[in-house]
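[1] let me see the structure of the following:
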Amino acid sequence: MKKTIALVCIAALVITLAVSRRAELNAVKTFASRKPCLTLVIDAGHGGEDGGATEGEVRESALNLDIAKKTELMSVFLGLPAVMTRESEIISYPPEADSVKKRKMADMRERVRLVKSLPQPVFISIHQNKFKLASAYGFEAYYGAETGSAELAEIIQGSVNSLLERDNRRTIARISSDIYIMKNVSCPAVLLECGFISNPTELAQLTDDGYQRKLAMIFACSVLQCLGSLEEHYGKD
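    Predicted coordinates:
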């Protein structure tokens, strides 16, 4: 067991470029005490015909996928089972979806179906923000209605604010009921707006490979640190 924990710790350190020793040690401590029985569902927002927000040549959907893939890799290294809602920018739509609107809805329904098919899922959806004023900036975490969602969002937001964006004063907020996927998954869920691609400084960070790894480290470790509240949703101690 000690050898396994050491290997996990070393892998986490290499991948994240030592973003946070405290978060790393807390995650490894949790891993050592008990293996998670949850399934982390990592949703790279948008994709396929839905590119999301754009800024120059940067498509939100591609940026979301880059961060989601790193989060999946970090989760696996920390012993947390993880599943992606999409693996590429290409999405297969059903033949009957004969319009852009129908294809987007079919994709969202398929993501909800995937979440509901998995054992004890915890859902995190990765997105980027955009605003008409280039000065707008800052990571934002939103939480769903189910037990553990708010605590997970709080841990993620607090970690980003203290480790990556010390001048970020944003706090967590409830997810809008207008968001289809969040309204239809009955599990702990958070939506993460990683930053504003309309802000040149923040866009440079968000497209940086090292910064994406730091975000991935925080996301995966936050789930492990929040295990108690997340498992409470499923009636486990």
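[2] in the protein, what spans have low per-residue confidence?
    When residues are selected by pLDDT under 70, those of the chain lie in 1-36, 236-237.
[3] where exactly do the helices run in it?
    Under the criterion DSSP state H, the chain contains helices at 2-16, 21-33, 60-77, 100-117, 149-163, 180-184, 200-206, 209-225, 227-232.
[4] for residue 174, which of those helices is the nearest?
    Taking Cβ to Cβ, helix 149-163 is the member of the helices of the chain nearest to residue 174, at 8.2 Å. Heads up, the C-betas are built off the backbone N, CA and C, glycines and all.
[5] who does that closest one touch, helix- and strand-wise?
    strand 140-143, strand 189-196, helix 209-225, helix 227-232 (3 or more Cβ pairs under 8 Å, 6 or more residues apart in numbering; DSSP states H and E).
[6] export these to CSV and append columns for distance to residue 117 and mean neighbour count.
    Output for the helices and strands packed on helix 149-163, formatted as CSV (distance: least, Cβ to Cβ, whole Å; neighbours: other Cβ atoms under 10 Å):
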stretch, distance to residue 117, mean neighbour count
strand 140-143, 23, 23
strand 189-196, 16, 26
helix 209-225, 20, 23
helix 227-232, 18, 18
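[7] so which of these gets nearest residue 40?
    Here helix 209-225 is closest among the helices and strands packed on helix 149-163 (Cβ to Cβ), at 5.7 Å.
[8] ok, residue 50 - contacts?
    61, 104, 107 (Cβ atoms under 8 Å, 6 or more residues apart in numbering).
[9] switch to 7 Å and redo it
    61, 104 (Cβ atoms under 7 Å, 6 or more residues apart in numbering).
[10] circling back: closest one to residue 71 among the helices and strands packed on helix 149-163?
    Here helix 209-225 is closest among the helices and strands packed on helix 149-163 (Cβ to Cβ), at 4.2 Å.
[11] okay, the angle between that closest one and helix 60-77?
    Helix 209-225 and helix 60-77 are oriented at 50 degrees to each other (axes from the mean of the first three to the mean of the last three Cα atoms, to 10 degrees).
[12] helix 209-225 to helix 149-163, inter-axis angle?
    Using the same axes, to 10 degrees: helix 209-225 against helix 149-163 is 140 degrees.
[13] helices or strands next to helix 209-225 in the packing?
    Contacts defined by 3 or more Cβ pairs under 7 Å, 6 or more residues apart in numbering; DSSP states H and E place helix 209-225 against helix 2-16, helix 21-33, helix 60-77, helix 149-163.
[14] hmm, try it at 8 Å
    Applying 3+ Cβ pairs under 8 Å, 6+ apart, one finds that helix 209-225 contacts helix 2-16, helix 21-33, helix 60-77, strand 121-129, helix 149-163.
[15] keeping just the C-alphas, turn it into PDB.
    Extracted C-alpha coordinates of helix 209-225, given in PDB (Å, rounded to 0.1, in the frame of the first residue of the first chain):
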ATOM      1  CA  ASP A 209      -0.800  23.500 -20.900                       C
ATOM      2  CA  GLY A 210       0.700  23.900 -17.400                       C
ATOM      3  CA  TYR A 211      -2.200  26.100 -16.200                       C
ATOM      4  CA  GLN A 212      -4.700  23.500 -17.500                       C
ATOM      5  CA  ARG A 213      -2.900  20.800 -15.500                       C
ATOM      6  CA  LYS A 214      -3.200  22.900 -12.400                       C
ATOM      7  CA  LEU A 215      -7.000  23.300 -12.900                       C
ATOM      8  CA  ALA A 216      -7.200  19.500 -13.400                       C
ATOM      9  CA  MET A 217      -5.300  18.900 -10.200                       C
ATOM     10  CA  ILE A 218      -7.700  21.100  -8.200                       C
ATOM     11  CA  PHE A 219     -10.800  19.500  -9.700                       C
ATOM     12  CA  ALA A 220      -9.700  15.900  -9.000                       C
ATOM     13  CA  CYS A 221      -8.300  16.600  -5.500                       C
ATOM     14  CA  SER A 222     -11.400  18.600  -4.600                       C
ATOM     15  CA  VAL A 223     -13.600  15.600  -5.300                       C
ATOM     16  CA  LEU A 224     -11.500  13.400  -3.100                       C
ATOM     17  CA  GLN A 225     -11.500  16.000  -0.300                       C
END
